[in-house]
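> Pasting the sequence and the predicted model now:
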Amino acid sequence: MRLVLLGPPGAGKGTQAARLVEKLGLLHLSTGDMLRAAAAAGTQTGLAAKEIMARGELVPDSVVVRIIEDRISEPDARKGFVLDGFPRTVAQAESLDAMLAAKGRKLDAVIELEVDAARLSDRIVKRAEQARRAGLPVRKDDDPTVFGTRLAAYRAQTAPVSAYYRRTGSLKAVDGMQSIDIVTGAIEAALRGCVHA
Ligand code: AMP
């Protein structure tokens, strides 16, 4: 199964993707995690991305498209994957369709987690507090000002991706304001009967 999890920062994409990985045996592909790993490894791409990410802006389409194209061409991606944080622009969504079509494949479903904007900031403040209390590093881009830029990027560049998938008929909206378990159940219900070859 090939899935995309859409939704604003703080909507719970990472949490739900981890559950889908566990239940359905899919590969979890988070472009944010991949970019942070590249930054930590000090690669040229990673270091350039690090500065952009620290400002809460989007990394260029060409960079993330290449990362995803390489990753989904690896043998372990054949078992299926859940994309978390990609695509974030309509151009990325078009590139994804094209790279899958070149392999004779397509997406099975796109799940959009819908969450109120006010709730998002609360969740991010909590995520930062929990990390601090646990002695873990706090993501720089969870700082309230940077988070504001991330939300603005979401509204301007990523929200149109929902309309793109609505047009192609693959979008399924799930209320992301409920408990983690209920959201997981709603995603599973939305996925029933969505598998392509
Ligand atoms: P995330 O972990 O998904 O919240 O992503 C953290 C940051 O990584 C974003 O704010 C962007 O700067 C960058 N990023 C992750 N995925 C993408 C993408 N698909 N397109 C552009 N930038 C991305």
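Thanks, I have the structure now. Just so it is clear, the model here is predicted, and its values are computed rather than measured.
> all contacts plus neighbour counts: C-alpha atoms, from now on.
OK.
> Tell me the buried residues in the helix or strand containing Glu22?
In this assignment (DSSP states H and E), Glu22 forms part of helix 13-24. For helix 13-24, the neighbour count (16 or more other C-alpha atoms under 10 Å) marks 13-14, 16-21 as buried.
> need those residues in TSV with pLDDT and distance to the ligand, can you?
Shown next, in TSV, are those (pLDDT from 0 to 100; distance: C-alpha to the nearest ligand atom, whole Å):
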residue	pLDDT	distance to the ligand
Lys13	93	8
Gly14	92	8
Gln16	96	13
Ala17	95	12
Ala18	94	13
Arg19	94	16
Leu20	93	17
Val21	93	17
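> quick revisit: which residues outside the helix holding Glu22 are in contact with it?
Applying C-alpha atoms under 8 Å, 6 or more residues apart in numbering, the contact partners of helix 13-24 are 5-7, 26-28, 30, 82-85, 113, 180, 183-184.
> Check stretch 101-120 too.
With C-alpha under 8 Å, 6+ apart as the test, stretch 101-120 has contacts from 1-13, 97, 100, 162, 165, 170-177, 187, 190-191, 194-197.
> one more time with 7 Å, if that's ok
Identification of contacts with stretch 101-120 by C-alpha atoms under 7 Å, 6 or more residues apart in numbering yields 1-7, 10-11, 97, 100, 170-177, 194-196.
> distance between the lowest-mean-pLDDT helix or strand in the chain and the chain's centre?
Lowest on mean pLDDT, DSSP states H and E among the helices and strands of the chain sits helix 117-133, with a mean of 86. Put simply, helix 117-133 sits 18 Å off its chain's centre (C-alpha atoms, centre = their mean, to the nearest Å).
> How far off centre is whichever helix or strand comes after it?
Scanning forward in sequence from helix 117-133 by DSSP H and E, the next helix or strand is helix 144-153. With C-alpha atoms, centre = their mean as the basis, helix 144-153 stands 16 Å off its chain's centre.
> For the chain, list the residues in contact with the ligand, please.
Residues of the chain lying close to the ligand (C-alpha under 6 Å from any ligand atom) are 9, 31-33, 52-53, 56-61, 64, 85-88, 150.
> one more time with 5 Å, if that's ok
Residues of the chain found near the ligand (C-alpha under 5 Å from any ligand atom) are 31-32, 53, 56-59, 85-88.
> Please identify which of these is nearest to Arg155.
Each of these was checked against Arg155 using C-alpha to C-alpha; the closest is Arg88, at 10.3 Å.
> Contact partners for the closest one?
Counting by C-alpha under 7 Å, 6+ apart, Arg88 touches 157-158, 161.
> cutoff 10 Å now
6-8, 31, 58-59, 61, 64, 153-154, 157-162 (C-alpha atoms under 10 Å, 6 or more residues apart in numbering).
> circling back to that earlier point, would you list the buried residues of helix 13-24 in JSON lines and tack on distance to Ala48?
Converted to JSON lines, the buried residues of helix 13-24 look like this (distance: C-alpha to C-alpha, whole Å):
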{"residue": "Lys13", "distance to Ala48": "25"}
{"residue": "Gly14", "distance to Ala48": "23"}
{"residue": "Gln16", "distance to Ala48": "29"}
{"residue": "Ala17", "distance to Ala48": "27"}
{"residue": "Ala18", "distance to Ala48": "27"}
{"residue": "Arg19", "distance to Ala48": "31"}
{"residue": "Leu20", "distance to Ala48": "31"}
{"residue": "Val21", "distance to Ala48": "30"}
